[in-house]
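Participant: just coords:
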């Protein structure tokens, strides 16, 4: 499975961005999908995930501001990010899991995109 993220860019604090992740080379509808991010000097951090059945997990850092969705017909994952903060600045990665279930540990995810840069200015 190949994953290509898009939609990153530079935005002012309080603004919004919508990321997309297009999957190809395999079926992802039966797998969980997720977004992670990595900021300079930090480890890759779980942002959100959606299971094959549509259950969603958000950590407190993004709950209420970010929204994940998927379109299985298009094999595409989305991340709507609102009320962005400078601390959201990072490279955002899309991931596909080994199964339909989701865990926050990045080691549990099988396929990764190259990432898209999101920069939030203050």
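Facilitator: Sure thing, it's come through. Everything numeric in this text was worked out from a predicted model, so none of it was measured.
Participant: name the element the residue most central in space within the chain belongs to?
Facilitator: Nearest to the mean C-alpha position of the chain, by Cα atoms, centre = their mean, lies residue 35 at 2.1 Å. Using DSSP states H and E, residue 35 maps to strand 33-38.
Participant: quick one on the thing from earlier: am I right that the residue nearest to the centre of the chain is in contact with residue 78?
Facilitator: No: taking Cβ atoms under 8 Å as the definition, residue 35 is not a contact partner of residue 78, at 9.3 Å. Every residue, glycine included, has its C-beta placed from N, CA and C.
Participant: quick check: neighbours shared by the two?
Facilitator: Counting by Cβ atoms under 8 Å, 6 or more residues apart in numbering, the contacts common to residue 35 and residue 78 are 19, 21, 68.
Participant: among the residues you listed, who's most crowded?
Facilitator: Within the shared contacts of residue 35 and residue 78, residue 21 tops the neighbour count with 26 neighbours, counted by other Cβ atoms under 10 Å.
Participant: apart from its chain neighbours, what residue comes closest to that residue?
Facilitator: What sits nearest to residue 21 in space, not counting adjacent residues and going by Cβ to Cβ, 6 or more residues apart in numbering, is residue 94, at 3.3 Å.
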